[in-house]
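Visitor: I'd like to go over a predicted model; first the sequence, then the structure.
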Amino acid sequence: MTASAIIQALSDLSNPEKAAFLPGFFKAFPGGYGDGDKFLGVTVPNQRKVAAHFAKKTTEGDLQQLIESPYHEVRLTALLILVSKFRKASEKGFWVDFYLRNLKYVNNWDLVDSSAHFILGEWLWDKDRKMLHDMARRGNLWEQRIAIISTYHFIRKQDFADTFTIAETLIDHRHDLIRKAVGWMLREIGNRDFEAEKVFLEKHYRQMPRTMLRYAIEKFPAVEKENFMKKG
């Protein structure tokens, strides 16, 4: 099976020192957001090479086996393959359904960031985006991050409305991973339309956690940045 070959290829590229380092980096310890995750110690560039090599011959069944893996790198490789299949598919909805069925395995920030806007964001560009707003309102950390990161696709097309609405929903979120994600998406809006981001911040900066605000204004002119930090 192709899934077995992919797992073997990743295992052959494993690095024990990296495998020991990654649980701390991804907070895979009791009480951490990555609690229970396991690591082979494979670099992302090597995962991308494995994904590219096996993508064409990987079936839905292979992907199901891979995405259910307890190993972080196997799940990320599965998602990289899934993005490739989605991009090339004539029936993209098939792979969107697969993604949505398996959201519980998209359970760390890099897994979300490597898939959400490439799959859900693109798929929803010309469709009702209610599912993203529903995800943002639910209490699942990873679905909330998927919701805001999916809007990156819209931002790249100069459509900011959903990002602003979801940012409002998540504005006082307690988790750093959501604060950083919201701030990042607001910054991406500002990279394209400084005034649009500034108007949003003027309205909401008092509610925003400092981490979110710092991410949002990272590329502001020094004077503007200082003003917001003093006011925030």
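Guide: Cool, got the structure. Everything quoted here is computed from the prediction, not taken from an experiment.
Visitor: Is the residue lying closest to Ala20 once chain neighbours are set aside in a helix, a strand, or coil?
Guide: By the measure of Cβ to Cβ, 6 or more residues apart in numbering, the closest residue to Ala20 outside its immediate chain neighbours is Gly41, 7.4 Å from it. From N, CA and C alone the C-beta is placed, and that goes for glycine too. With DSSP: H, G, I helix; E, B strand; the rest coil as the basis, Gly41 sits in coil.
Visitor: Kindly provide the distance from Gly41 to Phe25.
Guide: 11 Å (Cβ to Cβ, to the nearest Å).
Visitor: Which one of those two is surrounded by more residues?
Guide: Gly41 (19 against 11; other Cβ atoms under 10 Å).
Visitor: Can you pull the domain assignment for the chain?
Guide: 1-107, 115-232 (automatic domain parsing).
Visitor: Include mean pLDDT when you put the ones you listed into JSON lines, please.
Guide: Listed next are the domains of the chain as JSON lines, based on pLDDT from 0 to 100:
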{"stretch": "domain 1-107", "mean pLDDT": "97"}
{"stretch": "domain 115-232", "mean pLDDT": "96"}
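Visitor: about what we covered before: pretty sure the residue nearest to Ala20 is touching Ser14, no?
Guide: Yes: taking contacts as Cβ atoms under 8 Å, Gly41 lies within contact range of Ser14: 4.7 Å.
Visitor: contacting residues around Ala167?
Guide: Ile148, Val182, Met185, Leu186, Phe200, His204 (Cβ atoms under 8 Å, 6 or more residues apart in numbering).
Visitor: doesn't Thr151 make contact with the third one?
Guide: This means Met185. Yes: Met185 is within contact range of Thr151, at 6.1 Å (criterion: Cβ under 8 Å).
Visitor: Tell me the residues that contact both of these two, please.
Guide: Thr163.
Visitor: List the buried residues for stretch 12-29?
Guide: The neighbour-count check on stretch 12-29 (16 or more other Cβ atoms under 10 Å) flags Leu13, Ser14, Lys18, Ala19, Leu22, Pro23, Phe26, Ala28 as buried.
Visitor: Hmm, the last one is touching Ala19, no?
Guide: No: with contacts counted by Cβ under 8 Å, Ala28 stays clear of Ala19, the gap being 11.0 Å.
Visitor: Give the intersection of the neighbour lists for these two.
Guide: Common neighbours of Ala28 and Ala19 (Cβ under 8 Å, 6+ apart) are Phe39.
Visitor: and the nearest residue to Phe160 once chain neighbours are set aside, how far is that from His175?
Guide: The shortest distance from Phe160 to any non-neighbouring residue, by Cβ to Cβ, 6+ apart, is to Ile189 (5.1 Å). From Ile189 over to His175 the distance is 21 Å, taken as Cβ to Cβ.
Visitor: Also Trp142?
Guide: Distance of Trp142 to His175, given as Cβ to Cβ: 10 Å.
Visitor: Repeat that for Lys85.
Guide: 31 Å.
Visitor: and these two? which has more neighbours close in?
Guide: Shown here are Lys85 and His175; by other Cβ under 10 Å, Lys85 has more neighbours (20 against 14).
Visitor: Reduced to three states, what does that one come out as?
Guide: Assignment for Lys85 (three-state DSSP): helix.
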